[in-house]
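**Student:** Fold the following for me, if possible:
(one chain, ligands or ions: 2)
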Amino acid sequence: MTHIEAQDISRQKTGIAELDRVLGGGLALGSVILLGGDPGIGKSTLILQTMDKLSSTQKVLYITGEESIQQVALRANRLLITGQENLRLMAEIGLTHIIQAIDQEKPQVVVIDSIQTMYTDLLQSAPGSVAQVRECASILTRLAKQRHITIIMIGHVTKDGNIAGPRVLEHIVDAVLYFEGEQHSNFRMIRSVKNRFGAVNELGIFAMTDKGLKEVNNPSALFLSSYRNSVPGSSILITQEGTRPLLVEVQALVDQSHIMPPKRLAVGMDGYRLSMLIAIVQRHLGISLYDQDIFLNVVGGIKIAEPAVDLAVILAIISSFKNKILPEKLAVFGEIGLSGEIRAVQKGQERIKEAVKLGFEKIIVPKANTPKEKPANNVEIIAAVDLANVISYCFN
Ligand code: TYD
Ligand code: MG
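**Tutor:** Ligands and ions are numbered 1, 2, ... in the order given. Predicted coordinates:
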């Protein structure tokens, strides 16, 4: 038994600012981190790049259970990583050997790529089974705590509902980061969904290039790069991801349905929320959509979980339905209640600032989020109270 002794956690910057942001300011030394994502999304690439940087100050052991040393070396070549003295590689899947190697090499940071390939002799089941994945992760976590080493485990998100995927490990580790984004787009986003040493829901944004993952310094500009104002069904949302405001395009396609019930599909936001917003439009704006297929897409592969998306979704839907474009240089945010009222959201000022910075000149905000001072002379802030007013402002 002991008394409570507060120990300051020391952090090590990884040298990749977007990753440090997601980690809450850097790698907490002695912590165990799980990095999950679809196969081929870029987990090994990101971690190899990070470890290369980190190895200038830390001794790193990279254990690969999926690829041969040659394959990792090839990737390193492609990433222009020359192979620091302090970055050691090992191809191994047996935990006993791995622990021996850790004892010998005494690294400060260990990478396990991936946890699904590891096995312990303590269990009979095959590598990749839930029992093995769990047991290996527990053993490694204990090891990290005893010897005060940082362990980064990579985990594949399995297609079929996360059986033996990273989810079964979330409660064991200190921090959980997931890759978001679509493989066919160049964006790669990493979100923290759990962090014992920092804030969650922080988003790191990268672009996949032929030389690995590059940090994106101005993500809003990139997300809007293919945005054309001249088409109906498109609105600009100012969202807040962790500590950062971000502008993204929301697209809707509303079209006469030929089946009952009509199709409803949401990509990048919750489908139930979409249904709720459709009901609000019907009830409070008197627009009947019962015979319309409605598809909604948040451009760029980002997933928006906050209710501030509501107003942008409704405007995109109505714009598509009426086949009328929204006013130029318009960006919006705001939650919508079931009675059609527009509710305040967090971090209104930051959002407005970001939109102004990107050249937007009309910003519709919930009334309670109206700034005391005008952000700039050419910028009009529209304080919205209810949906009907916003619609008449936008379409009349
Ligand atoms: P990888 O890191 O192997 O994915 P994971 O470990 O998550 O399975 O990344 C695989 C993809 O990334 C692969 O399809 C090729 C692409 N890639 C690039 O586009 N540029 C690069 O420099 C590298 C190394 C990979
Ligand atoms: Mg990999």
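**Student:** which outside residues touch the helix or strand that contains N297?
**Tutor:** Per DSSP states H and E: N297 is located in strand 292-298. If you take CB atoms under 8 Å, 6 or more residues apart in numbering as the criterion, strand 292-298 is touched by 237, 248-257, 262-269, 274, 278, 304, 309, 313, 316-317, 321. C-betas here are computed from N, CA, C, even on glycine.
**Student:** Any idea how many residues pack against H3?
**Tutor:** Neighbour count for H3, taken as other CB atoms under 10 Å: 4.
**Student:** From the contacts of strand 292-298, which land in helices?
**Tutor:** In helices, defined here by DSSP state H, the members of those are L274, I278, V313, A316, I317, F321.
**Student:** shouldn't the fifth one be in contact with S275?
**Tutor:** No: using CB atoms under 8 Å, I317 is not in contact with S275, being 11.7 Å away.
**Student:** which one of those two has more residues nearby?
**Tutor:** I317 (26 against 13).
**Student:** Spit out the contact partners of the residue nearest to the more buried one when sequence neighbours are not counted.
**Tutor:** Nearest-residue entry for I317: A252, 4.5 Å, with adjacent residues in sequence omitted and distances by CB to CB, 6 or more residues apart in numbering. Neighbouring residues of A252 by CB under 8 Å, 6+ apart: G233, S234, I294, F295, L296, N297, V313, A316, I317, S319, S320.
**Student:** Out of these, which comes closest to D121?
**Tutor:** Nearest to D121, judged by CB to CB, of the contacts of A252 is N297 at 48.3 Å.
**Student:** Specify the beta-bridge partners of L330.
**Tutor:** Here L330 sits in beta bridges with K362, as judged by DSSP bridges.
**Student:** What pLDDT does the model give it?
**Tutor:** Note on L330: pLDDT of 96.
**Student:** wouldn't it be in contact with G359 here?
**Tutor:** No: contact criterion CB under 8 Å: L330 and G359 do not qualify, at 11.5 Å.
**Student:** Compare the two (neighbour count), which wins?
**Tutor:** Using other CB under 10 Å, the more surrounded residue of L330 and G359 is L330, with 21 against 12.
**Student:** if I pick the more buried one, what's in contact with it?
**Tutor:** S235, I236, F360, E361, K362, I363, I364, C394.
**Student:** any chance of these in CSV, plus pLDDT?
**Tutor:** Below are those laid out as CSV (pLDDT from 0 to 100):
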residue, pLDDT
S235, 96
I236, 96
F360, 94
E361, 95
K362, 96
I363, 97
I364, 98
C394, 95
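**Student:** And the buried ones among the residues you listed, selectable in ChimeraX?
**Tutor:** Here is the ChimeraX command that selects only those of the contacts of L330 that count as buried (16 or more other CB atoms under 10 Å):
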select :235,236,360,362,363,364,394
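**Student:** right, and out of the contacts of L330, which lies closest to ligand 1?
**Tutor:** Using CB to the nearest ligand atom, I236 comes nearest to ligand 1 of the contacts of L330, at 28.9 Å.
**Student:** Contact partners for the closest one?
**Tutor:** So I236 contacts L224, Y227, L247, V248, E249, V250, A312, L330, A331, V332, A355, F360 (CB under 8 Å, 6+ apart).
**Student:** can you pull up the bridge partners for it?
**Tutor:** Applying DSSP bridges to I236 gives these bridge partners: E249.
**Student:** In the stretch 101-250 of the chain, mark out all the helices, start to finish.
**Tutor:** 130-147, 219-223 (DSSP state H, counting those that start in this stretch).
**Student:** what's next to the shortest one, contact-wise?
**Tutor:** Okay, so that is helix 219-223. 187, 205, 207, 216, 244-249, 299-300, 302, 354, 358.
**Student:** Name the residues of stretch 373-390 that come out as buried.
**Tutor:** In stretch 373-390, counting by 16+ other CB under 10 Å, buried: V379, I381, I382, A384, L387, V390.
**Student:** Can you report phi and psi for the fourth one?
**Tutor:** With angles defined as degrees, to the nearest 10, A384 sits at phi -100, psi 130.
**Student:** which residues does it contact?
**Tutor:** L311, G334, I342, I364, V365, P366, K367, V390.
**Student:** Over to the fourth one. Which of the three states is it?
**Tutor:** Classification of I364 into helix, strand or coil gives strand, according to DSSP: H, G, I helix; E, B strand; the rest coil.
**Student:** got it, and the last one?
**Tutor:** Three states are possible here, and by three-state DSSP the one that applies to V390 is helix.
**Student:** tell me the centre residue of the chain?
**Tutor:** Centroid check for the chain by CA atoms, centre = their mean gives R191 as the closest residue, at 3.5 Å.
**Student:** mind listing the strands for the stretch 151-300 of the chain?
**Tutor:** Along the stretch 151-300 of the chain, counting by DSSP state E, counting those that start in this stretch, strands occupy 175-180, 187-195, 203-209, 212-215, 234-241, 244-256, 264-267, 292-298.
**Student:** wait, does stretch 208-222 make contact with ligand 1?
**Tutor:** Yes: counting by CB under 6 Å from any ligand atom, ligand 1 is contacted by stretch 208-222 at M208, D210, K211, G212.
**Student:** Tell me the spacing between T117 and M208.
**Tutor:** 23 Å (CB to CB, to the nearest Å).
**Student:** ok now do the closest residue to Q108 other than its chain neighbours, which residues does it touch?
**Tutor:** Nearest non-adjacent residue to Q108, counting by CB to CB, 6+ apart: Q58, 4.5 Å away. Q58 sits next to Q12, N86, P107, Q108, V109 when contact means CB under 8 Å, 6+ apart.
**Student:** Please apply the same query to L89.
**Tutor:** Applying CB under 8 Å, 6+ apart, the residues near L89 are Y62, T64, I69, V72, A73.
**Student:** can you list the residues you listed in TSV and add neighbour count, pLDDT and distance to ligand 1?
**Tutor:** TSV is the format used below for the contacts of L89 (neighbours: other CB atoms under 10 Å; pLDDT from 0 to 100; distance: CB to the nearest ligand atom, whole Å):
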residue	neighbour count	pLDDT	distance to ligand 1
Y62	25	96	12
T64	23	96	10
I69	12	92	15
V72	20	91	10
A73	14	90	12
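**Student:** For the residue nearest to the centre of the chain, give me its contacts.
**Tutor:** V22, L177, Y178, E180, N201, E202, L203, G204, E241, K303.
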